[in-house]
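S.K.: Kindly generate the corresponding structure for this input.
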Amino acid sequence: MDGGGRVVFAVIGRKARRLRGARLPLPAADPDGRLVLPRPFRRMARFLVNLASGRVHIPAHTGTISAVAFYAATGLYGMSVGGYTYSFAQSTTTAFGFAIEDVKVSGNNETSEIDILQLLGLDGTTSLVALDIGVAREKLAHLPWVETVAVRKVYPRTIEVTLKEREAYAIWQHGSELSLIEKNGSVIAPLRDNKFTALPLFVGQDAEAAAVDFEEQFAGWPDLKTRVKAFVRVAGRRWDLHLDNGVVVKLPETDVQRAMQELTRLDAEQNLLERDIAAIDLRLQDRTTIQLTPEAAARRQAVVEARDKAVKKAEREKQI
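M.R.: Residues are numbered from 1 along each chain as shown. Model (predicted):
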């Protein structure tokens, strides 16, 4: 500091800069005895000197603005710690005209718009700005029929929801429950609507997983396939066909095509499927077993008994 009270900063020369990397102690003062500040503090000291001397101009209301900014930052921090940030953003943006007023839904053939609105939690005051698209998408993805979902904000007050729904392939009966399933066997939802009754019915444990592979084997037998009311899985190994007239066709575990060809031949030659029978057993390759209905069995038994009586009567008459 010189005699006039001014702080004098020493300028480090080229030689000093070249020796900066050397670990030599810096002098506390120059040869004239004036104070030398470390380099990082020189700009700060220069600013303080200029500020004290009035050379730095401070705009009006700087103090007020700084105080407001400080209190605002403190308030935001407090809301963040207390968990009120979302509520504050919601109420603030709603007040500025960003309340959600319209929800446009597309691709929902089976999904109710009411279910979508309930999951989104819209109450007329929900802010479009504060709505978390990721959370909304995750909620809608858990709806039974939804395969994929896209949610988009359309400012200032609209949400667009686009769905791609799963496709029902068949009905699966497991116990007393009826469920709609996809082609890959995944369960979509319980059966609640009669409009799906035209879908094929698969019954039994593991029937939903084996449904597609088995039904594809009937591509060459369309007439018979239309008569099947239920495909029943037996012991997880083979299938029974329940026809529309009550006849049960028991298929083998393997070589289903051979059994189907035999069934077609018997029906063409003897009109087998229109007879009063209960079941056709095709499980054995070397024989086909026919089971009659109780009424048909009773009629057959009466015919057999009448024939036996007639034979015995003829034998008695012959002996006389």
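S.K.: Run through the strands of this structure in chain order.
M.R.: Listed in chain order, the strands found in the chain under DSSP state E are 102-106, 146-154, 158-165, 170-174, 177-181, 187-190, 201-203, 228-234, 238-243, 248-250, 277-281, 289-292.
S.K.: how much does the fourth one deviate in direction from strand 228-234?
M.R.: Interaxial angle of strand 170-174 relative to strand 228-234 (axes from the mean of the first three to the mean of the last three CA atoms, to 10 degrees): 50 degrees.
S.K.: And the contacts of strand 170-174?
M.R.: 178-181, 187, 191, 196-197, 199-205, 207-208, 211, 215, 230 (CB atoms under 8 Å, 6 or more residues apart in numbering). For glycine as for every other residue, the C-beta is placed from the backbone atoms N, C-alpha and C.
S.K.: same question, the longest one
M.R.: Contact partners of strand 146-154, identified using CB under 8 Å, 6+ apart, comprise 111, 128, 131, 133, 136-137, 140-141, 159-166.
S.K.: which residues does residue 145 contact?
M.R.: Applying CB under 8 Å, 6+ apart as the definition, the contact partners of residue 145 turn out to be 108, 109, 110, 111, 163, 165, 166, 188, 189.
S.K.: before we move on, back to that, among the contacts of strand 146-154, which ones are buried?
M.R.: When neighbours are counted using 16 or more other CB atoms under 10 Å, the contacts of strand 146-154 contain these buried positions: 111, 128, 131, 136, 140, 159, 161, 163, 165, 166.
S.K.: Can you name the two of the residues you listed that sit furthest apart?
M.R.: Farthest pair in the buried ones among the contacts of strand 146-154 (CB to CB) is 128 and 166. Separation: 29.2 Å.
S.K.: Find the nearest non-adjacent residue to residue 211, please.
M.R.: Once flanking residues are discounted, residue 211 sits nearest to residue 202: 4.6 Å by CB to CB, 6 or more residues apart in numbering.
S.K.: Would you reformat the strands of the chain as TSV and include mean pLDDT and distance to residue 118?
M.R.: As requested, those are arranged in TSV below (pLDDT from 0 to 100; distance: least, CB to CB, whole Å):
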stretch	mean pLDDT	distance to residue 118
strand 102-106	93	11
strand 146-154	95	14
strand 158-165	95	13
strand 170-174	96	28
strand 177-181	96	22
strand 187-190	96	17
strand 201-203	97	32
strand 228-234	96	37
strand 238-243	96	41
strand 248-250	96	46
strand 277-281	94	50
strand 289-292	91	54
